[in-house]
Each structure stands twice: as structure tokens, then as C-alpha cells.
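Engineer: Mind looking at a prediction? Sequence and model below.
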Amino acid sequence: MEIVTCIAPINIAVIKYWGKKCEEKIIPVNDSLSATLALEQMCAKTTIMASPNFKENKIWLNGKEESFENYRLQNCLTEIRNRVRNEENDSKQILSWKIHICSENNFPTAAGLASSAAGYACLVYSLSQLYSIRGDISTIARQGSGSACRSTLGGWVRWHAGVKDDGSDSIAKEVAPADHWPEMRILVLVVNETQKKCPSSIGMKNSVLTSQLLKYRAEKCVPERIQQMSQAILEKDFTTFAKLTIQDSNQFHAVCLDTNPPCFYMNDTSRDIVELVHCFNEVSGSLKVAYTFDAGPNACLYLLEETVPIFLSVLNKIFPPNDNDIDYVKGIPIDIPSSVPEEFIKSIPIKPKTNGLLKYIIYTKVGDGPRLLNDPNEHLLDENGLPK
């Protein structure tokens, strides 16, 4: 019997991936760039056990047994096995053993928070540890979920769309390590934990088929923005970083509206957050906070550490939590100022919203890539290969 347990992070793109030029191999129409978020606050966890005694392959996701015949899962397994067979690898003897997989997330699934990216990155990284695979695994993770390739690395990561038809150059590469911009922070505002009505895969396919704006974005806008964003990150230029992040998020959702039928991922609370960020920046006299929304209503805000206390204080006044909600702000511990200068508050022309529109907030930072857990107590499967 062989067993491994690993964790892998989510990533939040500042230059978005939306649309595939090859559905089967998951090759994107444009490059994308993201930050890997710290494992300590948000991650997927996967245990894989291989045994000659197992009669069949099994998988459990977030406490529920699922079909092992999912084609994306099968694609990842096929790529992993091909890699093992083509390398000088001592693990070839266990390739014939059946495997049991158990995986869980510590954050909402299918709500626009990159759960599939973390999940497939964790699956592929765990398989690579089980079978002692060396080298890049981002091209394998891409077979499960496109953005999963970015979660195989830490720090700031660029997914190169590539030009080859076989997708061999559609690969993730590091732009800067996790500790490059230590002042950078992220606030994840969880608006809605339910699954989105239009899955990303369907929305992307419809956008490729019907959106003229997507074609212009992929050919003209993204190539320029990728270069500008990479430079802003390397130079720690927050003003340019924030401007590009906001522009790209807005354009991504414009593409969704330009799709037939249109995809609606943001809701009224999402738009209220956008309004608050713009007002906060205007009152501050410069770009202090940048918002970005993936395919869901939850907001991811990028800001520097020095801005976090006052912004959280303002946020709590505009979006007050439910009474006695002691776990409203999760993640990195922080003392939120109980008061903000009255003149600052009066300058923000937004009335407080109904209590509880934000379910909770996760305060986190840029972090490292996947990690192997060596403590046997971390395993999600027992000695019989069943969920604990």
C-alpha cells in the first residue's frame, strides 16, 4: 500500500482566462496571470492511496462519493501514467494498482472561488508525489481545469497560452516568487456560497462562439496588459497594478454580457462592492484597493497591508455583519479599528446596507504552491482506504 496527502492553493487571476481554442486539451485563447493565495487560509486537500487489494478505483469529493469516470479526471490520470511510463521511474510497479482518492476544500465550492483550480492542482500534485514524477506538472493539471495549471506554482504565475496545436507549450511559469511583494494582501468577500447558475465551462464555450468582444480582448487587449502587469508586479507599482486589475475584471464581465445567451455572474451586492471600492479610492486620492471578480459574485480585493485596517473598518460600516457574528473576518488575525475619521466616512456617499449581505471575509496574502504533508494524521483515508 502507498499513500500520500497534499494540499494545494487557489489562485486569483488579475488578467483573466476566459475561452478555449481547444476544448479537448484545454488550451486558452489568451495568456493569463494570477496570484497564488496562501495555503494557510484557503486550500484543497487530497489523499490518494494505491493498493493491490483494491477492487476498483474510487473517489470522494467533499464527503460525497463521485463517479471515477469523469473525463477530466481520466485525462489527468492518462497524462500521469504516460509520464511514468516514459521516465526512468521506480513507481511503474504500482501503476497497475487501483487507487482511492479523497479530496476536500476549506472554502466554498463552485461559487466562483477557483475551487476546481485548487482541486485539480492538488490531485495532480498528489499523483506526482505518489508516482515520483519529476519536472513540470502544470500541463497535466491543465487537463483537469485550465486555471489549475497556475495553482501548481506559488507567487505570481503566468499561464502561457502557447502556439502549438498539441498544447505542449501551454504552460504555467513563475513571474515572481511568493515573497517578492510582501506588503500585498487580499480580501476575499464571500457574497454567496451557492453554486453558480452557469458553469464556467459552458459560459466560456458560448463566449467563444458568440462574443465579438472576446476576440478583440484576446488579440489586442490581453497581450498588452500581460506585459504591463508583469512589469507592475516586478516593480511593485501598485497604482498600475490596481488600474489593470480593475480594467481586466470589468472587461471580462463585459465579455460575459456580450455572450449569447449572456452570463450573469455578479449580483447587486457585487456591484455595491465595486461602487464602494471606487468611492474609497476617490476619497483616498489614489488607487488603494483593486477589485476583481471571477465567474461568480464573490469579490477578491487586492490592497497593500497598510490599507487593510481602514478599508475593513469602512467595509464593516457599509456592509455590517449579522449581530454577534464573531467569525466574520477569517484568515490572518487583524485588529480592525472601531472608528474611522468622521470626515472620511462622510466623504463616501454610500448608505449602509442590510446586515449580513457579506457572509464572511477571508484575509490572506500571496503564498506558496502545493505541499506534501508528512504527518499520517493528516490523511483523509483510513487504513482500509475509506474516508475517515
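Structural biologist: Right, received. Where do you want to start?
Engineer: And for residue 50, the neighbour number?
Structural biologist: 23 (other C-beta atoms under 10 Å). The C-beta positions use only the backbone N, C-alpha and C, and glycine is treated the same way.
Engineer: What ranges does the stretch 101-250 of the chain have for its helices?
Structural biologist: For the stretch 101-250 of the chain, the helices defined by DSSP state H, counting those that start in this stretch cover 115-130, 138-141, 200-210, 212-216, 222-235, 238-257.
Engineer: what helices or strands is the first one leaning on?
Structural biologist: Looking back up the chat, that one is helix 115-130. Where contact means 3 or more C-beta pairs under 8 Å, 6 or more residues apart in numbering; DSSP states H and E, helix 115-130 is packed against strand 2-9, strand 43-51, helix 71-86, strand 98-105, helix 138-141.
Engineer: need the contact list for residue 372.
Structural biologist: 4, 5, 6, 129 (C-beta atoms under 8 Å, 6 or more residues apart in numbering).
Engineer: Bridged to it, which residues?
Structural biologist: Taking DSSP bridges as the rule, residue 372 bridges to residue 6.
Engineer: that older thread, could you identify which of the contacts of residue 372 has the most neighbours?
Structural biologist: With neighbours defined as other C-beta under 10 Å, the most crowded of the contacts of residue 372 is residue 6; it has 26 neighbours.
Engineer: From residue 47, how far off is that residue?
Structural biologist: Separation of residue 6 from residue 47 (C-beta to C-beta, to the nearest Å) stands at 8 Å.
Engineer: Poorly predicted segments of the stretch 101-250 of the chain, please.
Structural biologist: 108-114, 192-193 (pLDDT under 70).
Engineer: still on that earlier bit, determine which two of the contacts of residue 372 are furthest apart.
Structural biologist: Within the contacts of residue 372, 5 and 129 form the most distant pair, 9.0 Å apart (C-beta to C-beta).
Engineer: Now for the nearest residue to residue 42 once chain neighbours are set aside: which residues touch it?
Structural biologist: Nearest non-adjacent residue to residue 42, counting by C-beta to C-beta, 6 or more residues apart in numbering: residue 107, 4.8 Å away. Residue 107 is in contact with 10, 42, 113, 115, 362, counting by C-beta under 8 Å, 6+ apart.
Engineer: want to throw these into a markdown table with distance to residue 144 and neighbour count?
Structural biologist: Converted to a markdown table, the contacts of residue 107 look like this (distance: C-beta to C-beta, whole Å; neighbours: other C-beta atoms under 10 Å):
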| residue | distance to residue 144 | neighbour count |
| --- | --- | --- |
| 10 | 14 | 33 |
| 42 | 18 | 25 |
| 113 | 17 | 25 |
| 115 | 12 | 21 |
| 362 | 24 | 21 |
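Engineer: want to throw those into JSON lines with distance to residue 219?
Structural biologist: Listed next are the contacts of residue 107 as JSON lines, based on distance: C-beta to C-beta, whole Å:
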{"residue": "10", "distance to residue 219": "29"}
{"residue": "42", "distance to residue 219": "33"}
{"residue": "113", "distance to residue 219": "29"}
{"residue": "115", "distance to residue 219": "30"}
{"residue": "362", "distance to residue 219": "35"}
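Engineer: Need the residues touching each of residue 6 and residue 47.
Structural biologist: In contact with both residue 6 and residue 47: residue 126, using C-beta under 8 Å, 6+ apart.
Engineer: Show me which pair in the contacts of residue 107 is furthest apart.
Structural biologist: Within the contacts of residue 107, 115 and 362 form the most distant pair, 13.4 Å apart (C-beta to C-beta).
Engineer: Three-state assignment for the nearest residue to residue 347 once chain neighbours are set aside, please.
Structural biologist: Distances taken as C-beta to C-beta, 6+ apart put residue 283 closest to residue 347, at 4.4 Å, once the chain neighbours are dropped. Per DSSP: H, G, I helix; E, B strand; the rest coil, the secondary structure class of residue 283 is helix.
Engineer: Surely residue 283 and residue 345 touch.
Structural biologist: No. Contact criterion C-beta atoms under 8 Å: residue 283 and residue 345 do not qualify, at 9.2 Å.
Engineer: hmm, back to that, nearest to residue 36, of the helices and strands packed on helix 115-130?
Structural biologist: strand 2-9 (5.0 Å).
Engineer: Mind checking what helix or strand follows that closest one in sequence?
Structural biologist: The helix or strand immediately downstream of strand 2-9 is strand 11-15, counting by DSSP states H and E.
Engineer: How about the backbone phi and psi for the residue nearest to residue 249 when sequence neighbours are not counted?
Structural biologist: Nearest residue to residue 249, sequence neighbours excluded (C-beta to C-beta, 6+ apart): residue 292, at 4.1 Å. Dihedral pair for residue 292: phi -150, psi 140, per degrees, to the nearest 10.
Engineer: What angle do helix 238-257 and the helix or strand where residue 280 lies make with each other?
Structural biologist: Assessed by DSSP H and E, residue 280 sits inside helix 268-284. Counting by axes from the mean of the first three to the mean of the last three C-alpha atoms, to 10 degrees, helix 268-284 lies at 150 degrees to helix 238-257.
Engineer: what are the C-alpha coordinates of helix 268-284, in PDB please?
Structural biologist: The C-alpha atoms that make up helix 268-284 are tabulated as PDB, following Å, rounded to 0.1, in the frame of the first residue of the first chain:
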ATOM      1  CA  ASP A 268     -26.400  43.500  -6.700                       C
ATOM      2  CA  THR A 269     -24.000  43.100  -3.800                       C
ATOM      3  CA  SER A 270     -21.100  42.600  -6.100                       C
ATOM      4  CA  ARG A 271     -21.900  45.900  -7.900                       C
ATOM      5  CA  ASP A 272     -22.200  47.600  -4.500                       C
ATOM      6  CA  ILE A 273     -18.700  46.400  -3.600                       C
ATOM      7  CA  VAL A 274     -17.500  47.900  -6.900                       C
ATOM      8  CA  GLU A 275     -19.100  51.200  -6.100                       C
ATOM      9  CA  LEU A 276     -17.500  51.200  -2.600                       C
ATOM     10  CA  VAL A 277     -14.000  50.500  -3.900                       C
ATOM     11  CA  HIS A 278     -14.200  53.300  -6.400                       C
ATOM     12  CA  CYS A 279     -15.500  55.700  -3.800                       C
ATOM     13  CA  PHE A 280     -12.800  54.600  -1.300                       C
ATOM     14  CA  ASN A 281     -10.100  55.200  -3.900                       C
ATOM     15  CA  GLU A 282     -11.500  58.600  -4.800                       C
ATOM     16  CA  VAL A 283     -11.700  59.800  -1.200                       C
ATOM     17  CA  SER A 284      -8.200  58.400  -0.600                       C
END
